[in-house]
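Undergrad: no FASTA, just this:
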């Protein structure tokens with residue numbers, strides 16, 4: 001069975017990284033499904049926050065070639081509070097297309113914070129230090145891209161369009177769950193892929209990822 005998920009992202013790196021990540025989660029959570037992801041729609045967060053822009057993006061995503069089974073919106077929270085901005089964005093998205101299951105995930109600070117959480121699995125990869133370890137609180141780090149560059153060899157600074165898809169393909173998914181917002185991503189992808197719930201709700205408890213891990 002094929003499941004078609006349309007994605008809305010904000011950065012160039014996420015155009016390639018998000019489909020990779022969603023397919024990996026699909027293989028882990030619902031291996032019986034074939035996950036098809038059209039090329040994501042990329043719109044800067046600053047534009048998406050404007051009234052009408054998210055709604056247009058959601059409408060476009062819902063019409064991508066054929067009916068979609070779900071829409072996944074992944075953005076960096078930056079300095080915004082995910083528990084406040086997430087529900088607001090979901091409400092707007094639902095108003096635009098209440099007939100399509102929608103998931104909203106805000107990576108706390110940055111998408112790359114998930115790589116910091118899974119740093120040990122990326123040690124020695126893409127020029128990263130062989131003794132790389134995750135910081136104590138990965139999502140508290142401001143400037144995750146700079147953190148990664150600082151732990152790479154001097155000839156290979158972090159380049160999102162190259163390294164983000166590669167790290168998304170290589171990182172250990174269980175290690176990444178040390179980042180609570182990745183747990184939110186895990187649950188939203190599972191819901192969209194398996195149809196566990198057709199009600200669009202915001203899970204405010206981003207710290208309860210462990211309960212949704214496969215045994």
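TA: Received the coordinates, thanks. Being a predicted model, the structure only gives us computed values, none of them experimental.
Undergrad: Okay, buried residues for the helix ranked longest in the chain please.
TA: If you go by DSSP state H, the chain has its longest helix at helix 12-29. Buried residues in helix 12-29, counted by 16 or more other Cβ atoms under 10 Å: 13-26, 29. (Each C-beta comes from the backbone N, C-alpha and C, glycine too.)
Undergrad: could you pull out the helices for the protein?
TA: 12-29, 45-48, 53-62, 82-96, 113-117, 119-122, 144-150, 160-170, 173-176, 180-194.
Undergrad: Out of those helices, which one sits most buried?
TA: When these are scored by mean count of other Cβ atoms under 10 Å, the highest mean neighbour count falls to helix 113-117 (a mean of 28).
Undergrad: Next, name the residue at the spatial heart of the protein.
TA: Computing the C-alpha centroid of the chain and ranking residues by Cα atoms, centre = their mean puts residue 74 first, at 4.8 Å.
Undergrad: From what I see, that one and residue 6 are in contact.
TA: No. With contact defined as Cβ atoms under 8 Å, residue 74 does not reach residue 6; the gap is 11.7 Å.
Undergrad: Distance to residue 38 and mean pLDDT for the helices of the chain - can I get that in TSV?
TA: Output for these, formatted as TSV (distance: least, Cβ to Cβ, whole Å; pLDDT from 0 to 100):
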stretch	distance to residue 38	mean pLDDT
helix 12-29	9	97
helix 45-48	18	96
helix 53-62	8	96
helix 82-96	17	96
helix 113-117	23	98
helix 119-122	28	98
helix 144-150	27	96
helix 160-170	16	97
helix 173-176	23	98
helix 180-194	14	95
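Undergrad: so which of those helices gets nearest residue 130?
TA: helix 119-122 (10.5 Å; Cβ to Cβ).
Undergrad: Residues contacting the closest one, please?
TA: 115, 128, 132-135, 138, 151, 167, 170-172, 175 (Cβ atoms under 8 Å, 6 or more residues apart in numbering).
Undergrad: What of stretch 60-70?
TA: 3-8, 38, 41, 71, 97, 100-103, 192-193, 195.
Undergrad: Who are the contact partners of residue 110?
TA: Per Cβ under 8 Å, 6+ apart, neighbours of residue 110: 76, 78, 144, 145.
Undergrad: picking up where we left off before, what's the nearest residue to the residue nearest to the centre of the chain if we skip its chain neighbours?
TA: Closest residue in space to residue 74, ignoring its immediate chain neighbours: residue 105 at 4.9 Å, by Cβ to Cβ, 6 or more residues apart in numbering.
Undergrad: What number of residues are in the vicinity of the one you found?
TA: Using other Cβ atoms under 10 Å, residue 105 is surrounded by 24 other residues.
Undergrad: what's the answer for residue 154, then?
TA: 7.
Undergrad: mind checking how far it is from residue 75?
TA: Per Cβ to Cβ, to the nearest Å, residue 154 is found 31 Å from residue 75.
Undergrad: sorry, back to before: most widely separated two among the contacts of residue 110?
TA: Of all pairs in the contacts of residue 110, the most separated under Cβ to Cβ is 78 and 145 at 12.4 Å.
Undergrad: re earlier: please identify which of the buried residues of helix 12-29 is nearest to residue 84.
TA: residue 14 (22.0 Å).
Undergrad: contacting residues for the closest one?
TA: So residue 14 contacts 40, 42, 74, 111, 164 (Cβ under 8 Å, 6+ apart).
Undergrad: How about residue 48?
TA: Applying Cβ under 8 Å, 6+ apart, the residues contacting residue 48 are 8, 10, 54, 57, 75, 89.
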